[in-house]
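Colleague: What would the 3D arrangement of this be:
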Amino acid sequence: MAKKPEKIDKPDDQKADVEAQSLPAKIKMLEPHGFIDDETGKSYFWQQGQTVFEPAEIAMLVERKASFEPVSDA
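Modeller: Take a look at the predicted model:
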């Protein structure tokens, strides 16, 4: 499982840049994961084995401690 990005004491816009750089470019879901956003009511769901490559989704999954493994392009 991927390690959560370290918090660095910088202005918010720089924190987001550093955290985004720390995330893997692609991940493969090891288990299904889903939730409904309390604020928007939008539902999210990822299947086991699904490859995720959207940075915002990867950040969301890391924050929610979803079970995944990084995927290398090699």
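
Colleague: what's the pLDDT at F53?
Modeller: pLDDT, F53: 95.

Colleague: Number the residues from 548 up from this point.
Modeller: Yes, from this point I'll number from 548; that puts the last item at F600.

Colleague: Was I right to think it contacts P571?
Modeller: No: F600 lies out of contact with P571 (Cβ atoms under 8 Å); the separation is 9.6 Å. Heads up, the C-betas are built off the backbone N, CA and C, glycines and all.

Colleague: Looking at those two, which is more packed in?
Modeller: P571 (17 against 11; other Cβ atoms under 10 Å).

Colleague: Starting from G596, give me the distance back to the residue nearest to the more buried one when sequence neighbours are not counted.
Modeller: Nearest residue to P571, sequence neighbours excluded (Cβ to Cβ, 6 or more residues apart in numbering): P617, at 3.8 Å. According to Cβ to Cβ, to the nearest Å, P617 and G596 sit 15 Å apart.

Colleague: and the two? which has more neighbours close in?
Modeller: Neighbour count, other Cβ under 10 Å: between P617 and G596, P617 has more, with 13 against 10.

Colleague: What are the phi and psi values at that one?
Modeller: Backbone torsions for P617, taken as degrees, to the nearest 10, come to phi -70, psi 150.

Colleague: in stretch 592-601, what counts as buried?
Modeller: Neighbour counts over stretch 592-601 (16 or more other Cβ atoms under 10 Å) mark 593, 599 as buried.

Colleague: got the contact list for it?
Modeller: Taking contacts as Cβ atoms under 8 Å, 6 or more residues apart in numbering, the residues outside stretch 592-601 that touch it are 572-581, 604-605, 608, 613, 615, 618.
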